[in-house]
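S.K.: got a predicted structure plus its sequence, pasted below:
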Amino acid sequence: MTASTPLIGGTPLRTQALVIGSGAGGAITAATLATRGYEVVVLEEGPYLDTSTIASNSPDAIARLYRNGGLTPILGNQSIAYVEGRCVGGSTEVNSAFWHRLPPDCYHRWSTDAVLADFSPEIMEPYFEQLERDLSVSYLNAPQLPRSSQLFREGIERLHWQYTEVPRCQKENSGASPFAPGNKQSMQRTFIPKALAAGARLLPDCKAVKLVHENGRVTGVLVQQADGNGRRRFEICADSVFVCGGAVQTPALLRRSGITKNVGDNLCIHPMIKAAAVFDGEIGAHQEALPIFQVKEFWPNITIGGAVFTPGFLAMLLSDNWKMNQHAMRDWSRMALYYAATRGMNRGKIRALRGVEDGIIVRYQLTEADQKNISTGLAHLGEILFAAGAKAVYPSLRSQPVLRSAEQCRGYLKEPIPVAAMGLSTVHAFSSCPMGENPDFCATNSFGKVTGFRNLYINDASLIPDSPGVNPQGTTMAIALRNLDHFDAERTNPQRGKLHIVTKTVSAPSILVTGAPGWLGTRLVEVLLQGLPGVPRFETPDPSRIIRCLVHPVADTTVLSELSPDVQFAPADLTDAAAVRAFCSAAAGAVLFHIAGVVHPTHGVQEFEAVNVGGTGNVLRAAEEAGVRRVVVVSSNSPFGFNPRADHRFDEGSPYHPYMGYGRSKQRVEALVKATQARGKLETVIIRPPWFYGPHQPPRQTLFFKMIKDGRFPILGDGNQQRSMAYVDNICQGLLLAATTERANGEVYWIADERPYTINEIVDTVRRVLEEEFGVSCAARCLRLPALAGEVARIADGTLQAMGLYNQKIHVLSEMGHTIACSIEKAKAELGYAPAVALREGMLASVRWCLANGLHF
Amino acid sequence: MAIFIHTRGGRVKRTVKLWRSQRAVLRAIVTLIIPAYPDLDAATRAAVEIDVTRYVASQIQQMPRFLRLPYKLAVVSFDWLALLRYARPFRRLPSELQSAYLAAWSDAPLGPMRDFVKLIRSSALLVYFDHPRVLQRLEAERQLPGADDGARPHGRQHRRVSV
């Protein structure tokens, strides 16, 4: 079991699912998603320490595994010490691993108060059963009871109060203690290794600082990585983000990111008071298994049980009245620790301080009802302990007397303890981002999706609508599993959640297009809707066509929407297999144009593999499953590198000689297409267009015009190297022919303008178009560079890409000194392809489009 | 001062950024707080005191930044406010005056003053009594009452009730 290797500084990551936090909620989210085939990255703010090698509850463990070294205060009319884990595995590495199912009364209450949908014992029970198997939830199987528990039980039975043995997440073991290191089934022993085995990537020491979002979608997560060597920041982009940082950290992260609606306003806790009891005989509580009984007589408001014991914990409890009570330490081996936990009656708040690192304020005001419950709990705890034979009870109260009798304890029933005297702590916090459909109360929907967001989810104890009155780990994990099932169902069955197919008509599509908001894709949709001018066969559009476009979730679809109100949009990332399946749903017999791809990556060269190769694989699989008739895939000239001579032309039989990462990715894309073709379930055609130009061009092409105008466009060598170019309408003609020509099935075609152009000719044409047609004054000269500059750029490009980095200008410059030209003879012969637009006309249309769309040079 | 954290990647030095005077104040407070029980020889006690002081310092260092800075200021204030009463900072006082001054803060009417001492005391006592060398001594002093083991019943006869 290992964590992922450290990140290279500044290298951003991209993943399908980003899970923030590795505790009970995060670990099960990561494991479940990873085993279902999602690409998962897990961020954990704390370190990755093998907790089986650290003595539990030791000062060492507290310093290394607990948040703030165990010193997290909840502020209010009395400070409450809040303890939570901060390490891989979260609080499951430091807690007692108690296991409770959700009490039955919560189902009805949550369904009513929070308007929580699809939530009933019948729905939840299978999740609890599954988790209980996975976590080996069981009762203590030791040869004899811990002495502290035995005494505790004797006291309860003498009072005839109801109690229960609490099962724990523990591996059956023949050893003396079921809580020997490694026996407790924490997340490090269970779901973290399961997630890693399924391919999840775990990044310890990485804190999510902020969620970057726009238009209801998280587009990135800013992460700060800190280890012994310093700090560095980077960004992760994910299709879906699951925040599982726990009831305090989750709302703090959301609020830091400007997401505040019902976030951090409803914190619930279980305030707890402890007491130490001294008995006649030896107890040896520090050597025993954890106490196992809980008194349920006063549940749900009060739960009483045994606590972890070490001499240090005892001393800490006595420290409130140290001068008066330190003598009790001499009886430490005859003492044990117990607690009375109450169900908090108030709601606390969590606020993130702007501009202050780790600036999180947690507030909870103890109410009179809390005061009464705590006092009552301590009174009953004292009664039990004296019934069990305790000689004295030392409560965690400041300036209060030692308890010497049950009668004295019952005094707290009549006169509650002053809040200022209470030494309180809590290990349970939840409900800070409640789930449900109640808009006045809930921060998420009934399945953890944050209100107003399409790809942001919470999956931890924050979701629990109110206090269940028991340890919330079981409930948290069961709800997380339920929510993940719903998440998965939404993606595989878009009609359920109506998330992925946002359609204006639900008719089955006849045309599917990926990459539609892009340069070529937009023009293709335009051509499909309005006809292709200059090509008689396609001049008249087919009005019966129904077009569905796969658009990146953050892409601007305004232009496409304006083309026709009947275009269907499927917001999805190509790397999201489930979303791509949704895109292809109900498309039997359709033609799919797969245009989407990454040419110039913005997040490192790994995007080539993830989007071009992985995305194409997803598209082909989804198309096969959906019964799509034919897929036309847009490849590139890059798998073939450079022509060996200026008069050489690539044809369909040319061998692969891929240039850099993009070329390699497109070579693999072609291999995938050919493998799909070989399976015989899907017709495929590969189109290889070289350098595009034409309307709907991206900013980089506008820069190309501007550089020519300013005389800064670099011409390497003599400028007589040749480039095949392809005007977008010519490519559209090729795509339509590939889609409609029967014999094209299984074939590959180069599609370009009639002939290649020299670089000098290209530059000169653009210059003349700008000057003659638009009156734009251009510099007379270009930036002439020796051919060696191209070679230097090629070496630099190769070096950068080997390091996972990418620089667009260096990459483009590295290609400028070479001839990249192809023959379109096969397309002309077999498809009837006849490029209707040549360089000058195409550049004219391109510049006109730029100026019409406010793009000036 | 530095503490050493053992991680999977090996031993990592984490600097505890406290001034020398602040460390001296903490050491003096720890010396006053930790009890004479159990009996330890002088060398062991001195070594344990150093470890306890380091732990307390590391606890302060692990606080959230917005609490850490005020707490460090409180350490300085604790030291220099002694000037008003004894014309010397706390760390230069003889131990009996240090003890009286610490007691005054422990019982001060102002909550923040009490909390300042409370945090150091609870952390120091925790790590002192759970220090391996102290635990070893406690175990050695532990007097087992002879037949206790035989008095423990075997098996379980309690009832289990559902939650």
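M.R.: Sure, I can see it. Numbers count the residues shown, from 1 in each chain, chains lettered A, B, ... in the order given.

S.K.: the residue nearest the centre of chain B sits in which helix or strand?
M.R.: Geometric centre of chain B, nearest residue: B:A124, 0.8 Å, by CA atoms, centre = their mean. Secondary structure assigned from DSSP states H and E places B:A124 in helix B:111-129.

S.K.: past that helix, which element shows up next along the chain?
M.R.: Sequence-wise, the next helix or strand downstream of helix B:111-129 (DSSP H and E) is helix B:132-141.

S.K.: same for the helix holding B:A124, what does it pack against?
M.R.: Judged by 3 or more CB pairs under 8 Å, 6 or more residues apart in numbering or on different chains; DSSP states H and E, the packing partners of helix B:111-129 are helix A:59-65, helix A:311-318, helix B:20-33, helix B:42-62, helix B:65-86, helix B:95-106, helix B:132-141. Just so you know, the C-beta spots here come from the backbone N, C-alpha and C atoms, and that holds for glycine as well.

S.K.: what comes up buried for the last one?
M.R.: Within helix B:132-141, the residues that count as buried by 16 or more other CB atoms under 10 Å in any protein chain shown are B:V134, B:L135, B:R137, B:L138.

S.K.: so the last one touches A:W332, yeah?
M.R.: Yes. With contact defined as CB atoms under 8 Å, B:L138 counts as touching A:W332 (6.8 Å).

S.K.: related to what we said a few turns ago, the helices and strands packed on helix B:111-129: lowest mean pLDDT?
M.R.: Mean pLDDT is lowest for helix A:59-65 among those, at a mean of 89.

S.K.: in the helix or strand that that helix is followed by, what counts as buried?
M.R.: Downstream of helix A:59-65, the first helix or strand assigned by DSSP H and E is strand A:72-74. For strand A:72-74, a neighbour-count test (16+ other CB under 10 Å) marks A:T72, A:P73, A:I74 as buried.

S.K.: gap between the closest residue to chain B within the stretch 251-400 of chain A and B:H131?
M.R.: Closest to chain B within the stretch 251-400 of chain A is A:G312: 3.2 Å, counting by CB to the nearest CB. With distances taken as CB to CB, to the nearest Å, A:G312 is found 8 Å from B:H131.

S.K.: list residues touching both of the two?
M.R.: Residues touching both A:G312 and B:H131 (CB atoms under 8 Å, 6 or more residues apart in numbering or on different chains): A:P59.

S.K.: ok, back up a step: considering the buried residues of strand A:72-74, which member attains the minimum pLDDT?
M.R.: Within those, pLDDT is lowest for A:T72, at 88.

S.K.: run through the bridge partners of that residue.
M.R.: A:Y82 (DSSP bridges).

S.K.: if we can go back for a sec, from the buried residues of helix B:132-141, pick out the ones that also neighbour chain A.
M.R.: B:V134, B:L135, B:L138 (CB under 8 Å from any CB of the partner chain).

S.K.: what sits against the second one?
M.R.: If a contact means CB under 8 Å, 6+ apart, then B:L135 has A:P311, B:F129 as its contacts.

S.K.: grab the nearest non-local neighbour of the closest residue to chain B within the stretch 701-850 of chain A.
M.R.: Nearest residue of the stretch 701-850 of chain A to chain B (CB to the nearest CB) works out as A:G804 at 22.1 Å. Nearest residue to A:G804, sequence neighbours excluded (CB to CB, 6 or more residues apart in numbering or on different chains): A:G604, at 4.9 Å.

S.K.: ends of stretch A:452-464, what's the gap?
M.R.: Counting by CA to CA, to the nearest Å, you get 19 Å between the two ends of stretch A:452-464.

S.K.: now it: buried residues?
M.R.: Residues A:F453, A:R454, A:N455, A:L456, A:Y457, A:I458, A:N459, A:D460, A:A461, A:S462, A:L463, A:I464 are the ones in stretch A:452-464 that count as buried (16+ other CB under 10 Å).

S.K.: for chain B, state which of these is nearest.
M.R.: A:I464 (15.8 Å).

S.K.: touching, the closest one and A:S431? I think so.
M.R.: Yes. The criterion here is CB under 8 Å, and A:I464 meets it with A:S431 at 5.2 Å.

S.K.: which residues do these two both contact?
M.R.: A:C268.

S.K.: phi, psi for the residue nearest to A:G804 please.
M.R.: Torsion angles at A:G604 (phi, psi; degrees, to the nearest 10) stand at phi 90, psi 160.

S.K.: count the residues that sit near it.
M.R.: 21 (other CB atoms under 10 Å in any protein chain shown).

S.K.: relative to A:F234, how far out is it?
M.R.: 11 Å.

S.K.: ok, the residue nearest to A:Y757 when sequence neighbours are not counted - contacts?
M.R.: Excluding its sequence neighbours, the residue lying closest to A:Y757 (CB to CB, 6+ apart) is A:L839, at 5.7 Å. Shown in contact with A:L839 (CB under 8 Å, 6+ apart): A:M725, A:Y727, A:D753, A:Y757, A:E761, A:I762, A:T765.
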